[in-house]
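Enquirer: Task: produce atomic coordinates for the following.
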Amino acid sequence: MMHELKFYKYSAIFLLIINLLLLAFIIVGRPDHPRPIHQQKRGAKERLNLDNKQHEQFLAIAKAQETQMADYDKRQVQLLQQYFKPLYSITDTSNSDIILQEFFSIEKDKIVSIHAHFQEVKSLLNKDQYDRFNQFTEDIISRLLIKNEKRSKRPKDLKK
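Expert: Okay, the predicted model is just below:
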């Protein structure tokens, strides 16, 4: 009886310590998450050292870009729905090649649009702000790549 109580006592203490270590790891070891796009826009003024006029122009450019990207995304979702719709019917009357071409054409347009957006932002800057611009664009591009990498990961059971 006494040995059982000691066992449970030590087990409870051990589990409590593990839980505390886990909580500490979660709180202290938490990686930084990319900031949402609206926070990135607010941070651009400081990161690029923009004056008020440049910042207003930047916000207008960013808003237009955000709207354009949302339109592209919406169109791609519609295309994917059209592409997979024949799976639900008995007869296959799909235009899968045409749909895929249009989907990839939109993806190309998105890339070209992002590049043009960066060119527009760069045209707002003075030469002394270019170094900051390079870091700014590198950060955004790496976030875009990470976002796409997360989106395209295959389930573990499909990996070979």
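Enquirer: Now do the helix or strand where residue 81 lies: distance to the chain's middle.
Expert: For residue 81, the element it lies in under DSSP states H and E is helix 52-84. Relative to the centre of its chain, helix 52-84 is centred 14 Å away, using CA atoms, centre = their mean, to the nearest Å.
Enquirer: now for it, which elements pack on it?
Expert: helix 37-48, helix 96-124 (3 or more CB pairs under 8 Å, 6 or more residues apart in numbering; DSSP states H and E). From N, CA and C alone the C-beta is placed, and that goes for glycine too.
Enquirer: and the angle for it with helix 96-124?
Expert: Per axes from the mean of the first three to the mean of the last three CA atoms, to 10 degrees, the angle that helix 52-84 makes with helix 96-124 is 170 degrees.
Enquirer: how about helix 52-84: buried residues?
Expert: 54, 55, 57, 58, 61, 62, 65, 68, 76, 79, 82, 83 (16 or more other CB atoms under 10 Å).
Enquirer: I figured the second one hits residue 44, correct?
Expert: Think residue 55. Yes: contact between residue 55 and residue 44 holds when scored by CB atoms under 8 Å: they sit 7.4 Å apart.
Enquirer: okay, residue 44: pLDDT?
Expert: Per-residue pLDDT puts residue 44 at 84.
Enquirer: ok, and the closest non-adjacent residue to it?
Expert: Using CB to CB, 6 or more residues apart in numbering and skipping the chain neighbours, the partner closest in space to residue 44 is residue 58 (5.7 Å).
Enquirer: How is the chain partitioned into domains?
Expert: Per automatic domain parsing, the domain ranges recorded for the chain read 1-31, 37-154.
Enquirer: The residue nearest to residue 44 touches residue 43, doesn't it?
Expert: No: counting by CB under 8 Å, residue 58 does not reach residue 43; the two are 11.1 Å apart.
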